[in-house]
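> For reference, the sequence and a predicted model appear below.
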Amino acid sequence: MDWITKLKARRAAGLDQMQDIVEAIGENGEMTAEQQAQFDALKAEDDKIAAQIAQAEDLERRRAAAARPVAPLPGVTAPQPVASVPAAPAEKGLTFARMTRTIAAAGGIHHVALQIAEANGDSGLFANQNMGSGAAGGFLVPEDVSTEVIELLRPLSVVTAMGPRIVPMPNGNLTTNRRATGANFSYGGEQQDIQSTGLGFGQVKLSAKKLSGLIPISNDLLRSSSIAVDRMIRDDALADAAQIQDRYFLRGSGTDFAPKGLRWQHLGTPQAATHVLTMTATPDLQKITNDLGRLELALGNANVVYTGAHWVMSPRIAMFLTNIRDGNGNPAFPEMQDGMLRKKPVHVTTEIPDNLGGGTESEIMLVHPAHVLVGEHMGIEVAMSTEAAYKDASGTMQAAFSRDETLLRMIMQHDIGLRHLPAVSILTGVTWGA
């Protein structure tokens, strides 16, 4: 095994020399006679070493296959076999991160990524992956790896953490019935006509919308191979994707290219009058309690079991409800300490703004996830660049090349809709805690 390692080291050194010769030529130059002779000699030496490595590896395999247990010496008891300990399950998402780090470290060059993976002991990382199936400089993450990442993403996103119905969209589109009105049942006597039913259906149509995210990664990190770096890449990608997904799933206005969020699903429907409510003016504890009850009542009046619903609110509103006291100085909503309100889970996100309306207004949503439909298409597509520019959090344009960074772009496609429109109620104009 040591001999194989030495051979590989010699081969790597020779390949580096060949690379130096090619780079010294430039784009339009030609090799001199001396350079050509040196290059041919290095090439011949590389072919010779490659053949030696193949022979040595074949010999190792044959020795392993022919190995037999050694007979114990007289009077020595043979050691008993030790029960094997099952290997710990691989941490979810790390395969995705290693793929991403490797292809990024290779500058998006596929065959270089394969060489880096093999050098790092990950020779099987891209074994079953067609790396040319993605965009230039990228690849389409395999389905099993994509599934792991999406499973980790769902709890980070407020909307998908509620447990909506997740459905696949193999062709990028999905049309399903939406129940609009119930059947018309009634009692009647013998030989009387049964009234015709009034069961009505609408339609909910989902079409894949492309979610893209940019993540700058330090090249110093990409040059190192460690699980800590893989975790950092994975966690950054998941956090960024979850934030943008919530932004549109909650309050996206709905275009040809972006989902219509839960906030605007009632627009142009009868539910706009019954389920989009306004905060009671000059709020006090009694009015706040009444307004929360109005949101529940909107669902209950539409035969939606609001006990299974979830609250969604901004950090300011959540902190206000946590801190507000009754007349005796006791917390008015002690459940908020445990992330619950009126026996229903609370989800807090900055993607519900606090500066709506006159600049101090926010919103609260009450959502029954069983009626929320999230369609998912494709897997995850990853691409990267060391030259692209991007805007940082302050809006300043940055250049990945000058900052010695690799810019990671991750793309997923999905959409959101409601199977039953009354399953969401919204309180607008909320100034609690402002």
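Alright, I've got the coordinates.
> Let me know the next secondary structure element after the helix or strand hosting Arg62.
In this structure, Arg62 sits in helix 33-66 according to DSSP states H and E. Downstream of helix 33-66, the first helix or strand assigned by DSSP H and E is helix 94-105.
> for the helix or strand following that following helix, packing partners?
Per DSSP H and E, helix 94-105 leads on to helix 110-119 as the next helix or strand towards the C-terminus. For helix 110-119, the packing partners by 3 or more Cβ pairs under 8 Å, 6 or more residues apart in numbering; DSSP states H and E come out as helix 94-105. C-beta coordinates here come from the backbone N, C-alpha and C atoms, glycine included.
> Dump the helix it packs on to CSV, keeping only the CA atoms.
Coordinates of each C-alpha in helix 94-105 appear next as CSV, following Å, rounded to 0.1, in the frame of the first residue of the first chain:
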residue,chain,number,x,y,z
LEU,A,94,-23.0,16.2,4.4
THR,A,95,-22.9,14.3,1.1
PHE,A,96,-24.5,17.3,-0.6
ALA,A,97,-22.0,19.6,1.1
ARG,A,98,-19.0,17.5,0.1
MET,A,99,-20.3,17.5,-3.5
THR,A,100,-20.7,21.2,-3.4
ARG,A,101,-17.3,21.9,-1.9
THR,A,102,-15.5,19.5,-4.3
ILE,A,103,-17.1,20.9,-7.4
ALA,A,104,-16.5,24.5,-6.2
ALA,A,105,-12.8,23.7,-5.3
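> mean confidence for it?
In this model, helix 94-105 has an average pLDDT of 79.
> How about stretch 205-222?
86.
> And it, what's buried?
Neighbour counts over stretch 205-222 (16 or more other Cβ atoms under 10 Å) mark 206-209, 211, 213, 215, 217, 221-222 as buried.
> next one: stretch 359-369
So for stretch 359-369, counting by 16+ other Cβ under 10 Å, buried means 361-369.
> And for stretch 319-328?
320-322, 324.
> Excluding chain neighbours, what is closest to Met412?
Leu211 (4.9 Å; Cβ to Cβ, 6 or more residues apart in numbering).
> Around Asn120, how many other residues sit close by?
14 (other Cβ atoms under 10 Å).
> ok, now Lys48?
Look at Lys48: counted by other Cβ under 10 Å, it has 13 neighbours.
> all helices of this structure, in order?
2-25, 33-66, 94-105, 110-119, 143-156, 158-161, 219-222, 227-251, 271-274, 285-301, 315-323 (DSSP state H).
> List just the nearest of the buried residues of stretch 319-328 to Thr100.
Using Cβ to Cβ, Thr322 comes nearest to Thr100 of these, at 38.2 Å.
> Could you tell me which residues make contact with the residue lying closest to the closest one once chain neighbours are set aside?
Distances taken as Cβ to Cβ, 6+ apart place Met336 nearest to Thr322, at 4.2 Å, with adjacent residues excluded. By Cβ atoms under 8 Å, 6 or more residues apart in numbering, the contact list for Met336 reads 318, 321-322, 346.
> Against Ser425, how distant is Met336?
19 Å (Cβ to Cβ, to the nearest Å).
> just Leu295 next, same as before
In terms of Cβ to Cβ, Leu295 sits 5 Å off from Ser425.
> So for the two, which sits in the more crowded spot?
Ser425 (28 against 22).
> What separation is there between Asn355 and Ala242?
22 Å.
> More neighbours: the two, which one.
A side-by-side neighbour count of Asn355 and Ala242, using other Cβ under 10 Å, places Ala242 first with 23 against 11.
> I figured the more buried one was touching Leu156, is that so?
Yes - using Cβ atoms under 8 Å, Ala242 makes contact with Leu156 at a distance of 3.8 Å.
> Could you find the closest non-adjacent residue to Ser212?
Ile411 (5.1 Å).
> List the contacts of the one you found.
210-212, 380-383.
> cool, and Leu299?
305-306, 309, 366, 368, 422-423, 425.
> which residues do Leu295 and Ser425 both contact?
By Cβ under 8 Å, 6+ apart, the residues touching both Leu295 and Ser425 are 277, 366.
> ok, back up a step: got the contacts of Leu299 as a markdown table, with pLDDT and distance to Gly395 columns?
Listed next are those as a markdown table, based on pLDDT from 0 to 100; distance: Cβ to Cβ, whole Å:
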| residue | pLDDT | distance to Gly395 |
| --- | --- | --- |
| Val305 | 92 | 45 |
| Tyr306 | 91 | 41 |
| Ala309 | 97 | 37 |
| Leu366 | 98 | 34 |
| His368 | 97 | 38 |
| Pro422 | 94 | 40 |
| Ala423 | 96 | 37 |
| Ser425 | 98 | 35 |
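> ok, so of those residues, who is nearest Gly433?
When those are compared against Gly433 (criterion: Cβ to Cβ), the nearest one is Leu366, at 18.5 Å.
> Show me what the closest one is bridged to.
Trp311, Ser425 (DSSP bridges).
> Report the contact partners of it.
Counting by Cβ under 8 Å, 6+ apart, Leu366 has contacts 295-296, 298-299, 306, 309-312, 344, 424-426.
> Phe96 and Gln413, how far apart?
In this view, Phe96 and Gln413 are 17 Å apart by Cβ to Cβ.
> residues near Gln398, how many?
For Gln398, using other Cβ under 10 Å, the count is 16.
> And for Tyr248?
22.
> Correct me if wrong: it contacts Gly261.
Yes - counting by Cβ under 8 Å, Tyr248 touches Gly261, with 5.8 Å between them.
> Show me which helix or strand of the protein is least confident by mean pLDDT.
strand 138-140 (a mean of 62; mean pLDDT, DSSP states H and E).
> who's more crowded, Phe96 and Gln413?
Phe96 (25 against 19).
> Do I have it right that the more buried one meets Glu148?
Yes - using Cβ under 8 Å, Phe96 is in contact with Glu148, at 6.6 Å.
> Can you list the neighbours in contact with stretch 10-19?
So stretch 10-19 is in contact with 39, 42-43, 45-46, 49-50, 53, going by Cβ under 8 Å, 6+ apart.
> let's go with 10 Å and repeat that
38-39, 41-43, 45-46, 48-50, 52-53, 115, 119 (Cβ atoms under 10 Å, 6 or more residues apart in numbering).
> low pLDDT regions in the stretch 101-250 of the chain?
107-108, 123, 126-140, 179-186, 194-202, 225 (pLDDT under 70).
> let's go with 90 and repeat that
101-156, 169-205, 212-241, 243-244 (pLDDT under 90).
> What of the stretch 251-400 of the chain?
255-257, 357-358, 377-395, 400.
> Appreciated, that's everything.
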